[in-house]
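Asks: Based on what follows, work out the 3D shape:
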Amino acid sequence: NSPRDCSCLLAKMLSSVCLLVGVALASVAADCPFTNDACPVDLDNAIEVFYFDSSDLTSCQHHCQRMKGCSHFTMMDAGDMKKCFLFESCDSTEACADCVSGPETPDYEPCEKTESAINLPAKVPLRSSRGAATTCETSVHNVIGIYYFDKDETHSCKKECDSISQCSHWTEFEVSGGHVHNKCFLFASCDATEPCGNHSDCETQPSA
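Replies: From the prediction side, this is the model:
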């Protein structure tokens, strides 16, 4: 064979390899729908916050799989712990380089082992401007806890915040639907605020 024939053959082989790699990457992205972003935290969408060992990469998603109403999770490093948010939905995402977000299925661990978590452009969610009441900035870095109390336990949210040294402010509001109860958010700071949206009865106060 002439040098020219060899060059053409090599070019065809390289083209075939690139095509196979492209197909493989597309398959991985479809099978592992996890991104280095955060699902948007708001008073309705965020269901719960948990903390696990920093090396635990499975419990967050497993909690989502077991919790009614959870469709997505976001986990991130928080000192020597892994911080885990559970969400009702994740129609948009927010930039968070140290976060991993995804649906309740498929399992994240096989994807993590193949280093297949991918970066996607972050989309900033729209926030409701209805309601005069405000809450502190709802973000994965600022929310440190979400709790649920009986409707008549009007002081429990405040007490929970007062008992946690990292908590500077709390927001509480009533949630209906089945059993009426109070939903409580604890925040690391309240330097920035945002509307409470549909929860015009929300109360936001500093810790004692």
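Asks: Against residue 101, how distant is residue 107?
Replies: According to C-beta to C-beta, to the nearest Å, residue 107 stands 15 Å off from residue 101. The C-beta positions use only the backbone N, C-alpha and C, and glycine is treated the same way.
Asks: Hmm, I typed the wrong one, I wanted residue 157.
Replies: From residue 157 to residue 101 the distance is 27 Å (C-beta to C-beta).
Asks: element containing the spatially most central residue of the chain?
Replies: What sits nearest the mean C-alpha location of the chain, by C-alpha atoms, centre = their mean, is residue 74, with 2.9 Å. For residue 74, the host element (DSSP states H and E) is strand 72-78.
Asks: In terms of secondary structure, what does that strand contact?
Replies: helix 59-66, strand 81-87, strand 99-103 (3 or more C-beta pairs under 8 Å, 6 or more residues apart in numbering; DSSP states H and E).
Asks: helices or strands up against the helix or strand that comes right after the shortest one?
Replies: It stands for strand 99-103. Sequence-wise, the next helix or strand downstream of strand 99-103 (DSSP H and E) is helix 108-113. Judged by 3+ C-beta pairs under 8 Å, 6+ apart, helix 108-113 is in contact with strand 99-103.
Asks: which strands and helices sit next to the strand it packs on?
Replies: Using 3+ C-beta pairs under 8 Å, 6+ apart: strand 99-103 touches strand 37-38, strand 72-78, helix 108-113.
Asks: CA atoms only for it - export them in CSV, please.
Replies: The C-alpha coordinates for strand 99-103 follow below in CSV (Å, rounded to 0.1, in the frame of the first residue of the first chain):
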residue,chain,number,x,y,z
CYS,A,99,-23.1,19.9,44.5
VAL,A,100,-24.4,16.7,42.9
SER,A,101,-28.1,16.7,41.9
GLY,A,102,-30.3,14.1,40.2
PRO,A,103,-33.6,12.1,40.3
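Asks: Any chance you could list what contacts it?
Replies: Contact partners of strand 99-103, identified using C-beta atoms under 8 Å, 6 or more residues apart in numbering, comprise 33-39, 61, 71-76, 90, 93, 108, 112, 117, 140.
Asks: Got a ChimeraX select line for the buried ones in those residues?
Replies: The following ChimeraX line selects those of the contacts of strand 99-103 that are buried, judged by 16 or more other C-beta atoms under 10 Å:
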select :33,34,35,36,37,38,39,61,71,72,73,74,75,76,90,93,108,117,140
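Asks: so what strands line up beside the strand holding residue 74?
Replies: strand 81-87 (antiparallel), strand 99-103 (antiparallel) (DSSP bridges).
Asks: can you give me the angle it makes with helix 59-66?
Replies: Interaxial angle, strand 72-78 versus helix 59-66 (axes from the mean of the first three to the mean of the last three C-alpha atoms, to 10 degrees): 160 degrees.
Asks: pLDDT of strand 72-78, averaged?
Replies: Model confidence over strand 72-78, given as mean pLDDT, is 95.
Asks: which stretch among the helices and strands packed on strand 99-103 comes nearest residue 47?
Replies: Nearest to residue 47, of all the helices and strands packed on strand 99-103, is strand 72-78, at 9.6 Å by C-beta to C-beta.
Asks: And the contacts of that closest one?
Replies: 38-39, 51, 54, 57, 60-61, 63-64, 82-87, 89-90, 96, 98-104, 140.
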